[in-house]
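>>> make a model of this:
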Amino acid sequence: MKIKFYFSRLIQAFMLVGMILTGSEISAAVLLENGIESLARKIAPKKSDTKDVVAILPFVTLDGEASHFGKHIAEQLLTELYELKKLQIVTRAHIDQIMSEMKLGATGLLEDNTVKKLGKILGADLIGTGTYTNMGKTIELNARLIKTETGVVIGAGRVKIKVDNSVRNLLQMEDSSEIGEAATFGQKIKSGKEKIDKLFPGTYAIVETTLGEITCILFEDKAPKTVANFITLAEGRPNPRSEGTEGRKFYDGLKFHRVIPEFMIQGGDPDGKGTGGPGYRFEDEIDKSLTFDRPGRLAMANAGPNTNGSQFFITVNGTSWLDGKHTIFGQVVKGQDIVEKISQVERNSYDRPVAPIYINKVIIKYPKGSRRN
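As a prediction, this is how the structure comes out:
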């Protein structure tokens, strides 16, 4: 039996405790609210039942860190969804209690099974998760709404918020119970200070570029052949498909030959023009549970079905029109800001960076205790 928790408008007053707004700051706060209202409209279910219960988890950074700002955004989004659809609400206090008991923090990268489990415990039909990225003058909010029974994303969207005094105040406010401490998939970490492989169990690819590091978890269970191919090329292992790549770390020294702002960055071509590869092609591994619904998707570039080789790309934003056309084999868990930085460099008419951006090397990190170490 579901325990339903009803929403009170008093929570808006609670969210502003400790803030003294000047006239100009009130105007700026409205801009923030308008942005969140727009985000709510983008993710709101087209068809909904007023008996449906919704929970919104605190927004986190792309590195999985939690803050007062992330909680504030979640509460505002909850308010807007309530106004739009009159859904029943899981209170913040109950969410915090359950997450504390489970030692589970907020993350924009929740697995389907985790969402389903949370849905049952919270009594929620819908769960919203989100991330925020501070770009200096603006903050980008990405959110998705998930049906807990199926794990299907039924709504996704993003907005950019202007950073002004009121937003800065929120960013600087500390929450003693949450800031400096985030948890992902039930494993506690502290503000990303612990090793990255403690974030999620699995195999990682650390792509060292001339502009910084991008760390991706590899989906070995969803795309085993694609991940094996990527690792083989990255480490220069014996390759049954191509003897010419053995002993040579294929990706080291290659360029990101195609970059498009708000879309993606692409690399892995030894020719640097988008037409090269390792000398062979292999089949797609399209998994319907993996979609281009968020930033940071690591996927294979191709020239059509079953033409994968060595070229890959990483998304800057959600790119749903690519669903079913490219094999997704990983997800950025740290360094999405580097992906965005690369995408925004000066480029020519072929979308190639004017000043080359190199992949210095790709390091593969295996789970602790793995025989592959």
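>>> check which helix or strand Asn34 maps to.
Element membership for Asn34 (DSSP states H and E) is helix 23-43.
>>> now the strands: where do they sit in the stretch 251-373 of the chain?
256-260, 264-267, 297-300, 312-315, 328-334, 359-365 (DSSP state E, counting those that start in this stretch).
>>> what about these, which gets the closest to Asn134?
Of all the strands of the stretch 251-373 of the chain, strand 328-334 sits nearest to Asn134, with 15.1 Å by Cβ to Cβ. Backbone N, C-alpha and C define where each C-beta goes, glycine included.
>>> okay, now the domains of this protein?
Following automatic domain parsing, the chain resolves into domains at 10-192, 203-365.
>>> in JSON lines: those, plus mean pLDDT and mean neighbour count.
Formatted as JSON lines, the domains of the chain follow (pLDDT from 0 to 100; neighbours: other Cβ atoms under 10 Å):
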{"stretch": "domain 10-192", "mean pLDDT": "69", "mean neighbour count": "18"}
{"stretch": "domain 203-365", "mean pLDDT": "92", "mean neighbour count": "18"}
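>>> nearest to Asp96, out of the strands of the stretch 251-373 of the chain?
strand 328-334 (23.8 Å).
>>> pull up the pairing partners for that closest one, direction included.
strand 212-218 (antiparallel), strand 297-300 (antiparallel) (DSSP bridges).
>>> just put the ones you listed in a markdown table and tack on distance to Gly335.
Compiled in a markdown table, the strands paired with strand 328-334 are given as follows (distance: least, Cβ to Cβ, whole Å):
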| stretch | distance to Gly335 |
| --- | --- |
| strand 212-218 | 4 |
| strand 297-300 | 11 |
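>>> so which of these gets nearest Arg258?
Closest approach to Arg258 among these is made by strand 297-300 (13.5 Å; Cβ to Cβ).
>>> how far does the closest one sit from the chain's center?
How far strand 297-300 lies from its chain's middle: 13 Å, per Cα atoms, centre = their mean, to the nearest Å.
>>> ok, stretch 117-126 next?
The answer for stretch 117-126 is 21 Å, by Cα atoms, centre = their mean.
>>> for it, measure first residue to last.
12 Å (Cα to Cα, to the nearest Å).
>>> got the phi/psi numbers for Gly253?
phi 90, psi 0 (degrees, to the nearest 10).
>>> let me see the contact set for it.
Taking Cβ atoms under 8 Å, 6 or more residues apart in numbering, we find Gly253 in contact with Tyr358, Ile359, Asn360.
>>> now, which of the residues you listed sits nearest Thr315?
Ile359 (17.1 Å).
>>> quick revisit: with distance to Gly119 added, can I get the strands of the stretch 251-373 of the chain in a markdown table?
As requested, the strands of the stretch 251-373 of the chain are arranged in a markdown table below (distance: least, Cβ to Cβ, whole Å):
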| stretch | distance to Gly119 |
| --- | --- |
| strand 256-260 | 36 |
| strand 264-267 | 32 |
| strand 297-300 | 24 |
| strand 312-315 | 27 |
| strand 328-334 | 22 |
| strand 359-365 | 32 |
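>>> can you say which of the ones you listed is nearest to Ala223?
strand 328-334 (4.0 Å).
>>> what sits closest to Asp52 if chain neighbours are left out?
Asp125 (4.4 Å; Cβ to Cβ, 6 or more residues apart in numbering).
>>> correct me, but the one you found touches Thr148?
Yes - counting by Cβ atoms under 8 Å, Asp125 does reach Thr148; the two are 6.1 Å apart.
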